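Engineer: just a sequence and a predicted model for now, questions to come.
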Amino acid sequence: MTLAESWPNRHRRVTVTTSWDDGHKKDFRIAGLLEKYGLQGTFYVSPACRELDPESRLDPEGIASLGTRFEIGAHTFSHPDLTAIPHQEAVSEISRGAGFLENATGEKPLSFCYPYGRFNRDLARSLRGLGFHYARTVRQFKTSRSDPLAAGTTVHAYQHRTGLIRYLRAAGVSPGRAGRWLDWGAVAADLFDICLKNGGIFHLWGHSWEIDKYDDWDRLERVFAYISGRRQADYVINRDLGQLPRIRLLVASSYFPPKMGGLERYAFEMARGAARAEMQVDVITSGSSRKIEREQNEDGMIIHRLPVQFRIKDTPLSLRWFFDIRRLVRALDPDIVNVHMPVPFLADLAALATRGAPVIVTYHCGSMKGQGFALNSLIGLYERWVLPLALKKASRIICTSEHVRQNFLRRYLDKSTTIYPGVDLSVFTQRTGAPQEGSVVFVGDFRTGLKGIGYLREAVRMIPQATLHVVGRGAPVESPRTVYHGQLRGRELVARIQDSQMLVLPSDWPEAFGMVLLEAMACGVPVIGTGIGGIPEIIRDHEDGLLVPPGDARALADAISYIINNPDKAEELADRAYKKVVAAYRWEVNVKKYVAELAKVARMQPGKDTPA
């Protein structure tokens, strides 16, 4: 089941369509009213319809003229009951009628209407083989998406005097509503209101010759006026109902590319995967301009960048976001909202501004504490009082490691899952040449001691043949055989990793994951990490890397020496690590898991098929 198929009624939106059967010359009057009120319609034409006098049928010129303004759907050639004739004869009737319309309009019809609404499974299968996307019956009171080749309708534009029991059942046996529903215009208004409330499909159908026979043009126009011009409505032709709807995903992240870090890359790759899965993706993030900027990238994502008034360390803030984000969420009217945390405020505001749509929280690390007394106090208040608001509201929580899920977010195990980050193997490629012997590379932010670079420098001092190459943000500290490269990106970063005999991540605090380890593994470079946080989820000690205790410079020096002195063993570790990345840590693999998680959330939304 695809994501779109699992979404029964798009969140709080109504899809409005109309259809008009047989191919009578009065269809032009219907067409004029549809155009007057900005509505869409499909005209099902049976060129030799036995229900109509020859002089009242649309001729090829009339069909062609109507087809320039609205969809022309097939309705067989002569309007027989397809279930009462041999199957091959029925298929011939369908094909002959469709061929006639294609000759008249120059376009192959993709929608079909069963004469008298009668069909069976064999007919539906044949329609699929003939290339039809959609086939309509005459079943009424349907407001949810169903089999596109056996689709129901909502209201028949006809003043019924029979079938009162069906009306009573649909009205919930309410005497007041049952009496009102003897007027098909009232039925249409009531069911349209239900669609506005619950979301779904409103499909009005009829025959222009019936409207004319019973002089119902005024009633029809009143209904058209009532259902037209609604902001929360999409007006489509019948064929569009055979095409699965695009789900509207709103992604909120404090940062988004071109700023690139672990969170930003994860948010981008998952959003791009959703866009490639035929979702409509909007992104709310911070920007650098003084006004809201809107751009569309090459993947079709629409990115809304909000102005920043000030920052607390690396956290962007603006007092205007309280209003800007609320307005954006309401205007975009998303079906699913995915917020990336824990960078505070922007994602929190997006989650809390959402009304009705399910919220998915993607959480990227454990506690943010460890920033100094003042910041720790603010973070403590945030994690105790603000963060839980979004976590409790979330329909699902995605963690980027099991460590985060089982520890910091252990209260939410019942509604959480883990989807790891990935590696782009077209960028981080296996090295082909020999590395610099004794070359040790560290990649990360070393402005604080949390990444353990102090222990790494101490370990390198114990190994005369080792040279440390430091890549990332931080102030250089004088140390023997240590080279600082600053921040590297793209090919320069990949080349630096490939030229090294190993990559070391000696974190002294519980890393949520350790993305640089995966990148080095993808390059075929042996890795060493500390047995803390999410790092042991990546490295199995002496299987595909080495693990050492955090804060232990001696153990770290021994591990570095092992890689230097045992190149064959180191190569075996690197080979197994590369195979692990290919199997479980490519972006393609984990993006599929993300889209499946969206489908799971979509299936949580109840669809409504009959009025309550």
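Structural biologist: Ah, there it is.

Engineer: buried ones in stretch 423-441, by neighbour count?
Structural biologist: Using 16 or more other CB atoms under 10 Å as the test for burial, stretch 423-441 gives Val423, Leu425, Phe428, Arg431, Pro435, Gly438, Ser439, Val440, Val441. Bear in mind the C-beta positions are built from the backbone N, C-alpha and C, glycine included.

Engineer: whoops, I mixed them up, stretch 283-298
Structural biologist: Val283, Ile284, Thr285, Ser286, Gly287, Asn297.

Engineer: look up the closest residue to Cys195, ignoring the ones flanking it.
Structural biologist: Once flanking residues are discounted, Cys195 sits nearest to Val14: 4.1 Å by CB to CB, 6 or more residues apart in numbering.

Engineer: dihedrals phi and psi, Arg473?
Structural biologist: Dihedral angles of Arg473 (phi, psi; degrees, to the nearest 10) stand at phi -90, psi 140.

Engineer: what is the least confident helix or strand in this structure?
Structural biologist: helix 164-170 (a mean of 54; mean pLDDT, DSSP states H and E).

Engineer: need the buried residues of stretch 423-441 in a markdown table with secondary structure and pLDDT, can you?
Structural biologist: Shown next, in a markdown table, are the buried residues of stretch 423-441 (DSSP: H, G, I helix; E, B strand; the rest coil; pLDDT from 0 to 100):
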| residue | secondary structure | pLDDT |
| --- | --- | --- |
| Val423 | strand | 95 |
| Leu425 | coil | 95 |
| Phe428 | coil | 97 |
| Arg431 | coil | 95 |
| Pro435 | coil | 95 |
| Gly438 | strand | 97 |
| Ser439 | strand | 98 |
| Val440 | strand | 98 |
| Val441 | strand | 98 |
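
Engineer: what two of those are the furthest from one another?
Structural biologist: Leu425 and Gly438 (27.3 Å; CB to CB).

Engineer: neighbours of Gln406, how many?
Structural biologist: The tally of other residues near Gln406 (other CB atoms under 10 Å) stands at 14.

Engineer: ignore what I typed, I meant Arg272.
Structural biologist: 19.

Engineer: do the same with Ile194
Structural biologist: Other residues close to Ile194 by other CB under 10 Å number 20.

Engineer: tell me the pLDDT of it.
Structural biologist: With respect to pLDDT, Ile194 scores 92.

Engineer: show me what counts as buried in stretch 351-366.
Structural biologist: 351-354, 357-366.

Engineer: which ones are touching Phe345?
Structural biologist: Counting by CB atoms under 8 Å, 6 or more residues apart in numbering, Phe345 makes contact with Ser254, Thr315, Pro316, Leu317, Trp321.

Engineer: should've said Ile463
Structural biologist: Applying CB under 8 Å, 6+ apart to Ile463 gives the contacts Gly438, Ala557, Ile560, Ser561, Ile564.

Engineer: swap in 7 Å and give it another go.
Structural biologist: Applying CB atoms under 7 Å, 6 or more residues apart in numbering to Ile463 gives the contacts Ala557, Ile560, Ser561.

Engineer: for whatever helix or strand the last one lives in, what is the average pLDDT?
Structural biologist: According to DSSP states H and E, Ser561 maps onto helix 553-565. Helix 553-565 shows an average pLDDT of 98 in the prediction.

Engineer: is it true that the residue nearest to Cys195 touches Gly199?
Structural biologist: Yes. Counting by CB atoms under 7 Å, Val14 sits close enough to Gly199 to count as a contact (6.3 Å).

Engineer: got the contact list for Arg327?
Structural biologist: Counting by CB under 7 Å, 6+ apart, Arg327 touches no other residue.

Engineer: mind listing what's buried along the helix or strand hosting it?
Structural biologist: Here Arg327, judged by DSSP H and E, is contained in helix 321-332. Residues Trp321, Asp324, Ile325, Arg326, Leu328, Val329, Leu332 are the ones in helix 321-332 that count as buried (16+ other CB under 10 Å).

Engineer: I'd like those as TSV, with pLDDT appended.
Structural biologist: Output for those, formatted as TSV (pLDDT from 0 to 100):
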residue	pLDDT
Trp321	96
Asp324	96
Ile325	97
Arg326	96
Leu328	95
Val329	94
Leu332	89
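
Engineer: can I get those residues in TSV including distance to Phe43?
Structural biologist: TSV is the format used below for the buried residues of helix 321-332 (distance: CB to CB, whole Å):
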residue	distance to Phe43
Trp321	49
Asp324	44
Ile325	44
Arg326	43
Leu328	39
Val329	39
Leu332	34
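
Engineer: closest to Arg136 out of these?
Structural biologist: Checking these one by one against Arg136 (CB to CB), the nearest turns out to be Leu332, at 31.3 Å.

Engineer: quick check: the closest one touching Val281?
Structural biologist: No. Applying CB under 7 Å as the test, Leu332 and Val281 come out as separate, 10.4 Å apart.

Engineer: contacting residues for Ala74?
Structural biologist: With contacts defined as CB under 7 Å, 6+ apart, Ala74 is in contact with Ile94, Gly97, Ala98, Leu101, Pro109, Phe112.

Engineer: helix, strand or coil for the residue in the chain sticking out farthest from the centre?
Structural biologist: Distance from the C-alpha centroid of the chain peaks at Pro464, with 52.7 Å (CA atoms, centre = their mean). Classification of Pro464 using DSSP: H, G, I helix; E, B strand; the rest coil returns coil.

Engineer: next one: the one 5 residues further on
Structural biologist: With three-state DSSP as the basis, His469 sits in strand.

Engineer: can you tell me the closest non-neighbouring residue to it?
Structural biologist: Nearest non-adjacent residue to His469 (CB to CB, 6+ apart): Val441, at 4.7 Å.

Engineer: quick one: that neighbour and Leu505 touch, right?
Structural biologist: No. Judged on CB under 7 Å, Val441 makes no contact with Leu505 at a distance of 10.1 Å.

Engineer: what average pLDDT does stretch 460-472 get?
Structural biologist: Here the average pLDDT along stretch 460-472 is 97.

Engineer: tell me which of the contacts of Phe345 fall in strands.
Structural biologist: Judged by DSSP state E, the subset of the contacts of Phe345 located in strands is Thr315, Pro316, Leu317.

Engineer: any of those buried? List them.
Structural biologist: Buried among these (16+ other CB under 10 Å): Thr315, Pro316, Leu317.

Engineer: for the last one, give me its contacts.
Structural biologist: The neighbours of Leu317, taking CB under 7 Å, 6+ apart as the test, are Val308, Gln309, Phe310, Arg311, Phe345.

Engineer: ok, these vs Arg231, which is closest?
Structural biologist: Of all the contacts of Leu317, Phe345 has the smallest distance to Arg231: 28.9 Å, by CB to CB.

Engineer: how does this structure divide into domains?
Structural biologist: 14-241, 248-418, 436-584 (automatic domain parsing).
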